[in-house]
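Peer 1: predicted coordinates and the sequence they were generated for:
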Amino acid sequence: MKVVVEILTGALFYVQLNNDATFADLKRDIAAQQNLPHDRLILCLENSQNNHLIIRHEEEASLIDFGIRDGSHIYLFFSPLDDGSVNDVVFANPEHDLFFM
C-alpha cells in the first residue's frame, strides 16, 4: 500500500509499505526516506470518522486494523527535544477539534 504523509511544512510525500505493516514500520520508513529521527515522530491519522493520534503502545498495531488503506492521509509531527525545558508544546487543529501535547 502507498500512503500520503504530510509534514508540518505542508509538503507531501509518499511511503510504500507492505499490507501487513505496523505503525512502527511506517515510522522507520518515514525516518529512512526523509532522514528524520524515528523516535521523535508523531503520527496523526485522518479518516472519515475522526482523527487519531498514534501513541506508543499502538506502534506495533497493524495499519489495516486502524483503517489505513492505499492512499490514506497521515499527518507527521515531531516531539520536542528533551532539553530540560519546562515548556509544553501543544499542536492544535481547530478544524477537527484536535489538540494534543
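Peer 2: Alright, I've got the coordinates. Numbers count the residues shown, from 1 in each chain.
Peer 1: okay, now residue 76: neighbour count?
Peer 2: 20 (other Cβ atoms under 10 Å). Backbone N, C-alpha and C define where each C-beta goes, glycine included.
Peer 1: start the count at 52 instead of 1 going forward.
Peer 2: In the new numbering, first residue 52, that becomes residue 127.
Peer 1: quick one, strands of the chain?
Peer 2: Per DSSP state E, the chain carries strands over the ranges 53-57, 63-67, 92-97, 102-104, 124-129, 142-144, 149-151.
Peer 1: tell me the strands beside the second one, with direction?
Peer 2: In the sheet containing strand 63-67, its partner strands are strand 53-57 (antiparallel), by DSSP bridges.
Peer 1: could you dump the partner strand to PDB, C-alpha only?
Peer 2: Output of strand 53-57 as PDB, limited to C-alpha atoms (Å, rounded to 0.1, in the frame of the first residue of the first chain):
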ATOM      1  CA  LYS A  53       1.000   3.600  -0.600                       C
ATOM      2  CA  VAL A  54       0.200   6.300   2.000                       C
ATOM      3  CA  VAL A  55       0.400  10.000   1.800                       C
ATOM      4  CA  VAL A  56       2.300  11.800   4.600                       C
ATOM      5  CA  GLU A  57       2.000  15.500   5.200                       C
END
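Peer 1: for it, give me every contacting residue.
Peer 2: 63-68, 77, 81, 114, 119, 121-127 (Cβ atoms under 8 Å, 6 or more residues apart in numbering).
Peer 1: can you give me the buried ones in that strand?
Peer 2: 54, 56 (16 or more other Cβ atoms under 10 Å).
Peer 1: ChimeraX command for the buried members of the contacts of strand 53-57?
Peer 2: Command for ChimeraX that selects the buried part of those, burial taken from 16+ other Cβ under 10 Å:
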select :66,68,77,81,114,119,123,125,126,127
